[in-house]
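J.: Build me a model:
(2 chains)
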There are 2 protein chains.
Amino acid sequence: MKKRIFVGVALFAAFLAVVVLDIFWLNFAIFGVLLAIAVLESLKLYGLKEKSLAVIAVAFFTLLPFIGGIQDIFKIILLNLIVVASVLAYTKNENLKIILPFIYPTAPMFMLFAIYQSYGIAALFWLIFSVVASDSGAYFIGKFFGKRNFSASSPNKTLEGVVGGFVIGSVFGVAAGLFLMDIDFLIVILCSVSVVIFGIFGDLFESYLKRLAGVKDSGVILGEQGGLLDRMDGYLFGVLAMYMVLV
Amino acid sequence: MKKRIFVGVALFAAFLAVVVLDIFWLNFAIFGVLLAIAVLESLKLYGLKEKSLAVIAVAFFTLLPFIGGIQDIFKIILLNLIVVASVLAYTKNENLKIILPFIYPTAPMFMLFAIYQSYGIAALFWLIFSVVASDSGAYFIGKFFGKRNFSASSPNKTLEGVVGGFVIGSVFGVAAGLFLMDIDFLIVILCSVSVVIFGIFGDLFESYLKRLAGVKDSGVILGEQGGLLDRMDGYLFGVLAMYMVLV
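T.: Numbering: from 1, shown residues only, chains lettered A, B, ... in the order given. You can find the predicted model right below:
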């Protein structure tokens, strides 16, 4: 448990350093590495062995700095999916599942970077802060008041915890949004609330994938904190909410 | 063979009638029905039984007339995917495959309608004309000059046929685009060529899915012409090319 907290604090410090420095090409490089790790971890979830998929995902990722605005992110996602689907069909590869890592986690990872490109690091900080507040709220409220199970996909989550996480995440998210972002008050509220709701389901979706695959964690890179996908699950759905509200 | 040609002519006449009439809510209704059929046919390809998925796809489709421009099509696609993924995770449904019909054919069907909403029926006519010209070109060139097999996914396709289809589709596509669309010459060329290339791979992808599933046709609705997806395969990839170039 102590080690888990230590890793958490170290991660947060590293993230703060990245936010304060905010060097575009450094962030680009870090994101490329995170993307590769995320795709490699997803192989386990989907029962795949093709490590080369991470190389393909990163190759499409390197197109991002050279395209226009955030709208174009979908062109890259589409191009990626069509090329992979076409190559699968052309080579008559029997494993249709190879498309899956390009839908999740690759597509949301591309969107995270596109949000950063268009709205700056503050938007990512806002997203992460909202989801962390929601997770922490859910943990503590669930620990003290949790009684009813929320979903069969995640036996550790209680309905009370989820509601607490939603309320606490929304309140902290709105506060952070007002402080960090130069956008309309109503948009801040809508965005924070959607991010928190989607984040909760992103967490649940990751638990669901892991249960289907019969694994406990998506990886070991963060020690007792598990894998990168275990940490990013909420953001990978939350960013979709942010996109839908902001763009 | 005669019946096949008859169905083809009847389909084309019906399509021409729809193009000439061009009544928005009629087109909306027709598209909703086509979407339901496409999703029902896709169940066979993915080995699913849940016919209710067609209802869910049509429910999200009915949101389309009430959203803004073509950019928003992705919000609907994302919302659809996230809701389905969240419900799967929440109910701990063991069948992750249920997401697949919402990626293909639902997402490209949504985009076809969004292209129609933003660029009018002429754009759809252009798309269909380009793919039909390419298919016909591939058929005749392949029949007379075809020697080398193009891909293991489709034993009937020859390299010569595919190249012939590409050239003929591009030429007819550019001509139709110049006549029908009020856009830049270079954009017309880029769009037609991309649509034809993607259309060829859309055709191949459909053959690939059918071979994986071990079925000959996706459906029986069009008699000897097979199912709706067998007819729409080229458009469902072609529309993604059109989106990437036009939007």
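J.: Okay, helices next: where are they in chain A?
T.: Ranges of helices in chain A, per DSSP state H, are A:2-21, A:24-46, A:52-61, A:73-91, A:100-103, A:106-119, A:121-145, A:159-180, A:185-213, A:228-246.
J.: now, of those helices, which is deepest in the fold?
T.: Sort those by mean neighbour count, taking mean count of other CB atoms under 10 Å in any protein chain shown, and helix A:228-246 sits at the top with a mean of 24. Every C-beta, even on glycine, is put in place using the N, C-alpha and C of the backbone.
J.: Can you name every helix or strand that that helix contacts?
T.: Under the contact criterion of 3 or more CB pairs under 8 Å, 6 or more residues apart in numbering or on different chains; DSSP states H and E, helix A:228-246 touches helix A:24-46, helix A:106-119, helix A:121-145, helix A:185-213, helix B:73-91.
J.: What residues does chain A have near chain B?
T.: Counting by CB under 8 Å from any CB of the partner chain, the positions of chain A adjacent to chain B are A:71, A:74-75, A:78-79, A:82, A:85-86, A:88-92, A:94, A:96, A:103, A:151-153, A:198, A:201, A:204-205, A:207-209, A:211-212, A:237, A:240, A:243-244, A:247.
J.: circling back: indicate which one of the helices and strands packed on helix A:228-246 is closest to B:L34.
T.: helix B:73-91 (16.5 Å; CB to CB).
J.: Just the C-alphas of that closest one, formatted as CSV.
T.: The C-alpha trace of helix B:73-91 is given here as CSV (Å, rounded to 0.1, in the frame of the first residue of the first chain):
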residue,chain,number,x,y,z
ILE,B,73,-21.7,13.1,-37.1
PHE,B,74,-18.7,11.9,-35.0
LYS,B,75,-20.4,13.0,-31.8
ILE,B,76,-23.3,10.7,-32.7
ILE,B,77,-21.0,7.8,-33.6
LEU,B,78,-19.0,8.3,-30.4
LEU,B,79,-22.1,8.6,-28.3
ASN,B,80,-23.5,5.4,-29.8
LEU,B,81,-20.2,3.5,-29.2
ILE,B,82,-19.8,4.8,-25.7
VAL,B,83,-23.4,4.0,-24.7
VAL,B,84,-23.2,0.5,-26.1
ALA,B,85,-19.8,-0.2,-24.5
SER,B,86,-21.0,1.2,-21.2
VAL,B,87,-24.2,-0.9,-21.2
LEU,B,88,-22.2,-4.0,-22.1
ALA,B,89,-19.8,-3.3,-19.2
TYR,B,90,-22.5,-2.4,-16.8
THR,B,91,-24.6,-5.5,-17.5
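J.: quick one: that helix to chain centroid distance?
T.: Averaging C-alpha positions (CA atoms, centre = their mean, to the nearest Å) puts helix B:73-91 22 Å from its chain's average.
J.: Equivalent analysis for stretch A:198-214, please.
T.: Remark: stretch A:198-214 is offset 12 Å from the chain centroid, using CA atoms, centre = their mean.
J.: low pLDDT regions in chain A?
T.: Scanning chain A for pLDDT under 70 picks out the ranges A:1, A:68, A:223-225.
J.: Neighbouring strands of the longest strand belonging to it in the sheet, and parallel or not?
T.: Counting by DSSP state E, the longest strand found in chain A is strand A:154-158. In its sheet, strand A:154-158 lies beside strand A:149-151 (antiparallel), with partners assigned from DSSP bridges.
J.: List of residues touching the partner strand?
T.: For strand A:149-151, the external contacting residues (CB atoms under 8 Å, 6 or more residues apart in numbering or on different chains) are A:P155, A:K157, A:T158, A:L159, A:G161, A:V162, A:L204, B:A89, B:Y90, B:T91, B:K92.
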